[in-house]
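*Asks:* sequence plus predicted model, see below.
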Amino acid sequence: MTPIMIIALGLLMVATAFLSGLFGMAGGLVLIGVLLALMPLPTAMVLHAITQMASNGWRALLWRAHIRWRPVAVYLIGCAVALAAWSITRYVPDKPVALLLLGITPFMARLLPSNIKPNPDSVWQGSVYGSICMGLMLMTGVSGPLLDTFFLGGEFGRREKVATKAMCQLVSHFTKLVYFGGVIDQAATLDPVLAGVAILASMLGTTLARRILEAMTDQQFLAWSNKLITTIACYYIGYGGWLLLSTQVAAAFDKGGLQ
């Protein structure tokens, strides 16, 4: 990568870490979309994992007093189950499939019956969501808005939501780094300079968001979080659908199916 591109990515990482630091979500979803457009999928996944580990780890440290440890422990059990299953198949999806999955997941969560609406305090829900989210993490690079929707469904305050989700995401992204950096057949490598920029940019963006989060009310947090999730999800459905359609049309032309 050129120095200009590294600087541009660094600024983007500051902005997306700021967004995640403010809402505990959305920033990583924006970042992975950009990285998937610029890099091969395994490389994008590794860089995204490093960035998000720095962002979530620093956020968890800043808000450590508000972490709810029981939901974290249950969520990690589900993650372990998913990692074991994916390590057997070593599946790596195409970009259009990954983007469509990113967009569809929040709407799937919202369609659940009222008696099983997301609840981070539920043991069985935590383990099930942990398994599904880790599977999505290994297919799309993020847990998708599904994990965001899960934490919005509980009786946590905004600080507890941000802190607890950050801790879950720290371990999830570390698992993703291990998977795409060594488990799969086409394991990725990464420029150490770019990795260093990613870590510093993520910590800076997260720190800048802290004062604004303190000033927000829980009602403002919930309202803006839901709007962000819906907007980003709709974008990825459109973008992934367009990529899938254009790929199929190009393949048809190559085979002489369209004249």
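*Replies:* Everything's here; your move. Remember, it's a predicted structure, so these values are computed and weren't measured experimentally.
*Asks:* so what's residue 81 closest to, chain neighbours aside?
*Replies:* In this structure, residue 81 finds its nearest non-sequential neighbour in residue 131, 5.0 Å apart by C-beta to C-beta, 6 or more residues apart in numbering. Placement of C-beta: from N, CA and C, glycine included.
*Asks:* contacting residues around that neighbour?
*Replies:* By C-beta atoms under 8 Å, 6 or more residues apart in numbering, the residues touching residue 131 are 78-79, 81-82.
*Asks:* if we use 6 Å, what do you get?
*Replies:* Contacts for residue 131 were tallied using C-beta atoms under 6 Å, 6 or more residues apart in numbering; they are 78, 81-82.
*Asks:* so what pLDDT did it get?
*Replies:* Per-residue confidence (pLDDT) for residue 131: 85.
*Asks:* out of the contacts of residue 131, who's the most crowded?
*Replies:* In terms of neighbours by other C-beta atoms under 10 Å, the contacts of residue 131 top out with residue 78 at 22 neighbours.
*Asks:* mind checking how far it is from residue 127?
*Replies:* Applying C-beta to C-beta, to the nearest Å, the value for residue 78 to residue 127 is 4 Å.
*Asks:* so where does the residue nearest to residue 81 fall, helix or strand?
*Replies:* Using DSSP states H and E, residue 131 sits in helix 123-140.
*Asks:* next, the buried residues of that helix.
*Replies:* Across helix 123-140, burial judged by 16 or more other C-beta atoms under 10 Å covers 125-140.
*Asks:* wait, which of the residues you listed is closest to residue 100?
*Replies:* residue 140 (9.1 Å; C-beta to C-beta).
*Asks:* which residues are in contact with that closest one?
*Replies:* 98, 101-102.
*Asks:* I'd like those residues written out as CSV, with neighbour count, secondary structure and distance to residue 42 added.
*Replies:* Listed next are those as CSV, based on neighbours: other C-beta atoms under 10 Å; DSSP: H, G, I helix; E, B strand; the rest coil; distance: C-beta to C-beta, whole Å:
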residue, neighbour count, secondary structure, distance to residue 42
98, 25, helix, 12
101, 21, helix, 17
102, 29, helix, 17
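*Asks:* next, format the residues you listed as a markdown table and append pLDDT and distance to residue 8.
*Replies:* Formatted as a markdown table, these follow (pLDDT from 0 to 100; distance: C-beta to C-beta, whole Å):
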| residue | pLDDT | distance to residue 8 |
| --- | --- | --- |
| 98 | 75 | 22 |
| 101 | 78 | 27 |
| 102 | 74 | 22 |
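*Asks:* with those in mind, which one is nearest to residue 235?
*Replies:* With C-beta to C-beta as the yardstick, the closest approach to residue 235 among these comes from residue 102, at 9.3 Å.
*Asks:* out of the buried residues of helix 123-140, flag the one nearest to residue 195.
*Replies:* Of the buried residues of helix 123-140, the one sitting nearest to residue 195 (C-beta to C-beta) turns out to be residue 137, at 19.1 Å.
*Asks:* still on that earlier bit, with just CA atoms, put the helix holding residue 131 into PDB.
*Replies:* Provided in PDB are the C-alpha atoms of helix 123-140 (Å, rounded to 0.1, in the frame of the first residue of the first chain):
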ATOM      1  CA  VAL A 123     -27.900 -18.100  29.500                       C
ATOM      2  CA  TRP A 124     -29.300 -20.100  26.600                       C
ATOM      3  CA  GLN A 125     -29.700 -17.000  24.400                       C
ATOM      4  CA  GLY A 126     -26.100 -15.900  25.200                       C
ATOM      5  CA  SER A 127     -24.700 -19.300  24.100                       C
ATOM      6  CA  VAL A 128     -26.900 -19.500  21.000                       C
ATOM      7  CA  TYR A 129     -26.100 -15.900  20.000                       C
ATOM      8  CA  GLY A 130     -22.400 -16.600  20.700                       C
ATOM      9  CA  SER A 131     -22.400 -19.500  18.300                       C
ATOM     10  CA  ILE A 132     -24.300 -17.700  15.600                       C
ATOM     11  CA  CYS A 133     -22.300 -14.500  15.900                       C
ATOM     12  CA  MET A 134     -18.900 -16.300  15.900                       C
ATOM     13  CA  GLY A 135     -20.100 -18.100  12.700                       C
ATOM     14  CA  LEU A 136     -20.900 -14.800  11.100                       C
ATOM     15  CA  MET A 137     -17.600 -13.300  12.300                       C
ATOM     16  CA  LEU A 138     -15.800 -16.000  10.400                       C
ATOM     17  CA  MET A 139     -17.900 -15.500   7.300                       C
ATOM     18  CA  THR A 140     -18.300 -11.800   7.200                       C
END
